[in-house]
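**Student:** Need coordinates for the following:
(chains A and B)
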There are 2 protein chains.
Amino acid sequence: MEGRRIKLIGFTSFENVDDARRKLLEAVNISVSEEEVEALHSVGRISSRTVTASKDFPPYDRAAVDGLAVKYMDISGASESNPIPLKLAGRVEAGSENPPGLKEGEAIIVFTGAPIPYGADAVVPFEFSKIDGDIVYIFKSVARFRNISFRGEDFKKGDVLLERGEIVRPWHVAALAQSSIEKVHVFRKIRVAIINTGNEVYDPVTNPDGKLPNSTGPLIAAYVKELGGEPLTYGVIRDDKEEISRNVDRALDKSDIVIITGGTSVGGKDLVPDALASLPNSRLVFHGVNLRPGRTAGAFVIKGKPVLMLSGLPVACLVGLENFFKPILSKITGLKLPPEPVVEARLSRPIANAVGFRSYYRVAVYEDGGELIAEPLRLTGSGILSTLLKGNGLLVINEDVEGYDKGEIVKVRLLKSPYQGKPRFLY
Amino acid sequence: MEGRRIKLIGFTSFENVDDARRKLLEAVNISVSEEEVEALHSVGRISSRTVTASKDFPPYDRAAVDGLAVKYMDISGASESNPIPLKLAGRVEAGSENPPGLKEGEAIIVFTGAPIPYGADAVVPFEFSKIDGDIVYIFKSVARFRNISFRGEDFKKGDVLLERGEIVRPWHVAALAQSSIEKVHVFRKIRVAIINTGNEVYDPVTNPDGKLPNSTGPLIAAYVKELGGEPLTYGVIRDDKEEISRNVDRALDKSDIVIITGGTSVGGKDLVPDALASLPNSRLVFHGVNLRPGRTAGAFVIKGKPVLMLSGLPVACLVGLENFFKPILSKITGLKLPPEPVVEARLSRPIANAVGFRSYYRVAVYEDGGELIAEPLRLTGSGILSTLLKGNGLLVINEDVEGYDKGEIVKVRLLKSPYQGKPRFLY
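**Tutor:** Here you go, the predicted structure:
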């Protein structure tokens, strides 16, 4: 009764993806060590510690422009027609220590970054003044405290410069430099073992008899790399339970996460789940979720490490990575994902959602008459990569939404910028 | 009459930033060579060629699921209560060549990726069938052409897989793999020389007597690195015209672009512009733009290469990088910048713009009662780095806008995700 068996291994129900993800994150309990790198080399890495300012910045009240430190009361009312003369009483360079004091009726030349002389409470920029020997004429009054940077106004001691889990950006590097912090702790790159299965999938070394190109392996490797991880590729394993479990076991020793594609319902056999279940300390977390494409996704936790089972078809695989790999990375490192570019666009035609499924539609977003239009691409197969290349946006429809009408405004996550005008391939 | 001179070198008018940028891009005429790298290593690099598919994909009509290839007319009307029996006439694996033909009343087992037998025009998934010896019962009809991937439906020969100027993303890598393209041409990393000036700025090697930390140098280096370039740091040059021109000249030989900070109006002398003007083949493109912060920005073209003069204050410098460095990189490489995350938010208080200036306000965006609120940060000095750390968004106000009222909806570019609730530092 092979037919009967085939019928049984089909998924009869699909777990809600949010529930599946929550169970997965609860089950994952691994940690990644950190390493110390020079601040500049930390750009794009994930900070593993929260770094705070060790002192106030600026360290003292200082001039924000090149000009004249004055008592603001002395110059109030100054104008082009009523220049106010002050006695030039000195000059302070940036970084000077022990600046001179300022008396009534005096001005002291200060350069950007110079400490403000005691007694001064404003700085008049050079362009509002005229120096004549040891007298300076002020042509314009400025408000009290104008052009003074106060001690600690940028950072107070203890202020956060960089949070654990943040991807290091240029302004963090600048803030660290300002606080004379030269090295940063970042998480070491997370190691992700990638195993593709399938007799039919070609790999020059591991499965030279395969016929179909392996596009999912490179997709996952690139995705991991883009998120700052280190992909470890194991090539293609043929559809053999022993081979699969042996390779996963080996991969678990060398990686933090294992991702295995295909084989969740191969020719009537749940090869990969069976192989994973046969390993010691193995626990199935979920298998089959309400994602479209990507419903065959599943996960085990083996030896405490997550093993993701994803589709061998590229788009379905990508949806799985977004829903399961990225959240694991976030949990392990506290990664604060950067915000995604999302736009509102008008649907060019109605779109129906499969009941109960959370669907990832690929759309082409283009500007037309000052308005953004989203056209769902007709080819929505889980293997149709071109929908991610010609399409420049993802429209996610939740399981409780039956679809959208033509003309409705929907939120689309942009993969690249909108086309200017309707692109040719849509005609 | 030193005072007079000081007055004169102040900027009396500021060029419109769009005009300045256009002149700069017209003047820049450099090119960057390319290099060939393995597809996976091209992730995040800028493609230097447009790559097209060398053949149709799929290469032939093939099964999109595991199931039974049938003539759809044979099974129309099949249901649980009216199963239709077909004769099992064979089995085709993925990548098989010369699949058998299918006759009326027959079914052939096909696996995902297998070529469709001649004569079949639909594939019934296994779960809608029951195999009993050499008879298979079909329980559900499917539409004509259902579950068949047609030759070329993903990519036709000549379809674009990767455009020149695109940053290589995971789906490109997958598409290249699918087309058996193993190497990609990318632009070599653009080399950006970074020179900071200022007696007051500390550098352990080049200016150990400086007192203020050099935060702008690391900021630029990190910014260049984030955009895939290679920063070459020249440290801090003291305020000396000869020293500056000598170093810029040296830097021009080793880099594609030079960025020099500070010294555009130092202690009454336009040191950097004077130093740059003294070099052979040097032409001033603009100096002084209506950016706030960042109005002291300027550019020369020397020996055909752009030399950007930017503020030594970090936020002003960043605004200059966004407005001048990024566009140069785009021009040289055709770089298609990824879309920025932009949200609409309600202003928590009125904001006034300085007449004629394009202003970059740093705002804190937070969610409050299901709505996004943007609160302009009060410290808006061009050196106040914390506005980029505590602030999580940029609100750009154009020169023709006088400001916005409290409660108005504005577009904010997010640097990181909105806070949940009003953050503590705003109280």
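**Student:** C-alpha only now, for contacts and for neighbours.
**Tutor:** Will do.
**Student:** So what does residue A:25 have for phi and psi?
**Tutor:** Main-chain dihedrals, residue A:25, degrees, to the nearest 10: phi -70, psi -30.
**Student:** Not counting residues beside it along the chain, what's closest to it?
**Tutor:** Leaving aside its sequence neighbours, residue A:25 sits nearest to residue A:328 (Cα to Cα, 6 or more residues apart in numbering or on different chains; 6.4 Å).
**Student:** Checking my notes, that neighbour in a helix, right?
**Tutor:** Yes - the assignment for residue A:328 by DSSP: H, G, I helix; E, B strand; the rest coil puts it in a helix.
**Student:** Get me the contact residues on the stretch 301-427 of chain A for chain B.
**Tutor:** A:314, A:337-343, A:384-386, A:388-389, A:414-417 (Cα under 8 Å from any Cα of the partner chain).
**Student:** Could I get the buried residue list for stretch A:343-362?
**Tutor:** A:343-348, A:351, A:353-354, A:356-362 (16 or more other Cα atoms under 10 Å in any protein chain shown).
**Student:** and if you look at stretch A:315-326?
**Tutor:** Buried-residue list, stretch A:315-326, by 16+ other Cα under 10 Å: A:315, A:316, A:317, A:318, A:319, A:320, A:321, A:323, A:324, A:325, A:326.
**Student:** tell me the mean pLDDT for the helix or strand hosting residue A:318?
**Tutor:** Element membership for residue A:318 (DSSP states H and E) is helix A:314-320. Mean pLDDT, helix A:314-320: 96.
**Student:** what helices or strands is that helix leaning on?
**Tutor:** helix A:216-226, strand A:305-310 (3 or more Cα pairs under 8 Å, 6 or more residues apart in numbering or on different chains; DSSP states H and E).
**Student:** Note down every partner strand of the last one and its orientation.
**Tutor:** What that stands for is strand A:305-310. Looking at strand A:305-310 with DSSP bridges, its partner strands are strand A:257-261 (parallel), strand A:298-302 (antiparallel).
**Student:** what's the spacing between it and its chain's center?
**Tutor:** 22 Å (Cα atoms, centre = their mean, to the nearest Å).
**Student:** how many degrees apart are that strand and helix A:216-226 in direction?
**Tutor:** If you take axes from the mean of the first three to the mean of the last three Cα atoms, to 10 degrees, strand A:305-310 sits at 130 degrees to helix A:216-226.
**Student:** Name the surrounding residues that touch strand A:305-310.
**Tutor:** The set of residues external to strand A:305-310 that reach it, using Cα atoms under 8 Å, 6 or more residues apart in numbering or on different chains, is A:24, A:28-30, A:252, A:256-262, A:264, A:272, A:294, A:296-301, A:316-317, A:320, A:324-325.
**Student:** if I look at the residue lying closest to residue A:190 once chain neighbours are set aside, how far off is chain B?
**Tutor:** Setting aside the residues directly before and after it, residue A:190 is nearest to residue A:229 in space (Cα to Cα, 6+ apart), at 4.7 Å. As judged by Cα to the nearest Cα, to the nearest Å, residue A:229 and chain B stand 12 Å apart.
**Student:** so how far is chain B from residue A:244?
**Tutor:** Separation of residue A:244 from chain B (Cα to the nearest Cα): 19 Å.
**Student:** next one: phi and psi at that residue?
**Tutor:** Taking degrees, to the nearest 10 as the convention, residue A:244 sits at phi -60, psi -50.
**Student:** How confident was the prediction at it?
**Tutor:** 96.
**Student:** Quick one: residues contacting it.
**Tutor:** By Cα under 8 Å, 6+ apart, the contact list for residue A:244 reads A:197, A:237, A:238, A:272, A:275, A:276.
**Student:** which of those residues has the most neighbours?
**Tutor:** Most neighbours among those, by other Cα atoms under 10 Å in any protein chain shown: residue A:197, with 28 neighbours.
**Student:** need the contact list for that residue.
**Tutor:** Residues near residue A:197 by Cα under 8 Å, 6+ apart: A:236, A:237, A:238, A:239, A:244, A:260, A:261, A:262, A:263, A:312.
**Student:** Might you report the residue contacts of the second one?
**Tutor:** It stands for residue A:237. A:195, A:196, A:197, A:198, A:199, A:206, A:207, A:243, A:244.
**Student:** Distance-wise, check it relative to residue A:248.
**Tutor:** Distance of residue A:237 to residue A:248, given as Cα to Cα, to the nearest Å: 10 Å.
**Student:** anything in contact with each of the two?
**Tutor:** residue A:195.
**Student:** what does the stretch 151-300 of chain A put close to chain B?
**Tutor:** On the criterion Cα under 8 Å from any Cα, chain B has as its neighbours in the stretch 151-300 of chain A the residues A:153-155, A:161, A:169-180, A:200, A:210-223, A:225-226, A:266-267.
**Student:** Select from the contacts of residue A:244 every entry located in helices.
**Tutor:** A:272, A:275, A:276 (DSSP state H).
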